[in-house]
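Enquirer: Here is a sequence together with a model predicted from it:
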Amino acid sequence: MFSALLISPTSARCQILKSVAMETGQLLLARMLEEYPRGIGLTKLMHVEPEVVLLDLDENDSALTCADGIRQRSPKTPILGFTDQPSSFDPDGFARLDLVLPFPPAPEELARCVNQVVRQSLSDAKENLLVFLPAKAGSGATTIVRNTAAALAELPGKRVLIVEGDYRFGVLSFMLDQKVEGSLQDLLTASGELDGFRLDQAVTERDGVSVLLSDRSIPEPAPGWEVYARLVEVATAHYSPVLVDLPETLPPETREILRRAGKIFLVSTPDVVALKLAGRTYSELILSGIPKDRVHVVLNRWQEGDLGPREVEGFLQRPVLHIFPNDDRAVRTSVLRGEAISPKAELWKSFQVFAAKLTAPAQLTPETLGDRLRSVLHREARR
């Protein structure tokens, strides 16, 4: 549900709008006013941080003055106006509002418009939201998420959260050897407002990392995009960074997470089938409107004899940001112990390098071929 501020100059019209808003099932009225607020009164009112304002235009000039005040104090908050005669409404007034609807609006139309304007207002990318997406099942994205989070947690000032976004086949609890108590499904389907307190109550703490686990059930009823939008807002406000482990096949609603991600890491192994699927997924992400500079390729389980870095980049027509070497023994040992990769393993050092890249203030820079060759030669020399 979205929090709303309702403003109308008369009690009767205010009650009508309240009734319609409640009937949508999408709005929670944070405040209702039967006058147009101004000055410090409006400033205090906007401290409730509504996600949408419902503004009755019965007294046109006063209403538009109020709309201007709201815009000055909260430029991104969408404003829906309501008037008895939308066709004769002053065109200049439309520019000061997001949408104008007839009074009283039909509940279905109001719900549709609220969804439209709120989603438009939540268009900014969250730079601390890092999403990992496998090219195909078994690419090792969960291993990368789990250990990258542990490496990030070693850095000062980081409050790291992992969100396990695979409803049905999430394996993170097995990797952590952890019983699932609070879960993502509980959080998405709970009655009431999703807030920081509820999120903190649902997470599990391991290795200095907060983890929101999946209990491997299909949530009922299926959460809408707005629930994921709320999760993004709350998680990124309380944790930094937030790492989301998504499956290769996404429910439509979870694409809200991709839309808001500051960075998306497409995880692939160096085999041809995985790379072809990675190329297709990359194209789909770009076609969906995600900017190219947000999508990065990560190569996992690379070893000598696999396709070389230049071959992979030529195949994908995209630079590879980071290459994790293959170390089955280190991964297997960490899973058996329910711990992060051993600090003694070369693979752990690769995670530390990757974590440093993610926190560097400069733009993410792919490894050069020389960097990769030196890394391989160093590993071979230590054997």
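Expert: Looks like it came in fine.
Enquirer: Might you report the residue contacts of residue 34?
Expert: 8-11, 14 (Cβ atoms under 8 Å, 6 or more residues apart in numbering). Yep, even glycine has a C-beta here, placed from its N, CA and C like the rest.
Enquirer: ranking those residues by neighbours, who comes first?
Expert: Neighbour counts for those, by other Cβ atoms under 10 Å, peak at residue 8, which reaches 26 neighbours.
Enquirer: is it true that it touches residue 56?
Expert: Yes. Under the criterion of Cβ atoms under 8 Å, residue 8 makes contact with residue 56 at 3.6 Å.
Enquirer: Identify the contacts common to those two.
Expert: With Cβ under 8 Å, 6+ apart as the test, residue 8 and residue 56 both reach 14, 17.
Enquirer: May I ask which helix or strand encompasses the closest residue to residue 126 other than its chain neighbours?
Expert: Spatial nearest neighbour of residue 126, chain neighbours left out: residue 236 (4.5 Å); criterion: Cβ to Cβ, 6 or more residues apart in numbering. With elements taken from DSSP states H and E, the one containing residue 236 is helix 225-238.
Enquirer: mind listing what's buried in that helix?
Expert: Under the neighbour-count criterion of 16 or more other Cβ atoms under 10 Å, helix 225-238 has 225-236, 238 buried.
Enquirer: Strands of the stretch 151-300 of the chain, start to end?
Expert: Assigned by DSSP state E, counting those that start in this stretch, the stretch 151-300 of the chain shows strands spanning 161-164, 204-206, 209-212, 242-245, 261-268, 295-302.
Enquirer: got JSON lines for the ones you listed, with distance to residue 318 and mean neighbour count too?
Expert: What follows is the strands of the stretch 151-300 of the chain, written out as JSON lines (distance: least, Cβ to Cβ, whole Å; neighbours: other Cβ atoms under 10 Å):
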{"stretch": "strand 161-164", "distance to residue 318": "25", "mean neighbour count": "26"}
{"stretch": "strand 204-206", "distance to residue 318": "33", "mean neighbour count": "17"}
{"stretch": "strand 209-212", "distance to residue 318": "29", "mean neighbour count": "24"}
{"stretch": "strand 242-245", "distance to residue 318": "21", "mean neighbour count": "26"}
{"stretch": "strand 261-268", "distance to residue 318": "9", "mean neighbour count": "24"}
{"stretch": "strand 295-302", "distance to residue 318": "5", "mean neighbour count": "23"}
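Enquirer: In JSON lines, list those strands along with mean pLDDT.
Expert: Below are the strands of the stretch 151-300 of the chain laid out as JSON lines (pLDDT from 0 to 100):
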{"stretch": "strand 161-164", "mean pLDDT": "97"}
{"stretch": "strand 204-206", "mean pLDDT": "93"}
{"stretch": "strand 209-212", "mean pLDDT": "97"}
{"stretch": "strand 242-245", "mean pLDDT": "98"}
{"stretch": "strand 261-268", "mean pLDDT": "97"}
{"stretch": "strand 295-302", "mean pLDDT": "96"}
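Enquirer: Those: which one's closest to residue 308?
Expert: Closest to residue 308 of the strands of the stretch 151-300 of the chain is strand 295-302 (Cβ to Cβ; 9.3 Å).
Enquirer: residues making contact with the closest one?
Expert: With Cβ under 8 Å, 6+ apart as the criterion, strand 295-302 contacts 132, 139-141, 143-144, 263-270, 278, 282, 285-286, 309, 312, 316, 318-326, 354, 364.
Enquirer: So what does the residue nearest to residue 16 when sequence neighbours are not counted look like in phi/psi?
Expert: Nearest residue to residue 16, sequence neighbours excluded (Cβ to Cβ, 6+ apart): residue 104, at 5.0 Å. Dihedral angles of residue 104 (phi, psi; degrees, to the nearest 10) stand at phi -80, psi 150.
Enquirer: Can you check the pLDDT for residue 104?
Expert: pLDDT for residue 104: 94.
Enquirer: From residue 325, how far out is it?
Expert: Distance, residue 104 to residue 325, using Cβ to Cβ, to the nearest Å: 64 Å.
Enquirer: So which of those two has more stuff around it?
Expert: residue 325 (20 against 15).
Enquirer: doesn't residue 331 make contact with that one?
Expert: No. Between residue 325 and residue 331 there is no contact under Cβ under 8 Å: 10.9 Å.
Enquirer: residue contacts, the most centrally placed residue in the chain?
Expert: Central residue of the chain (Cα atoms, centre = their mean): residue 257, 3.5 Å from the mean position. Residues counted as contacts of residue 257 (Cβ under 8 Å, 6+ apart) are 129, 131, 165, 228, 231-232, 244, 246.
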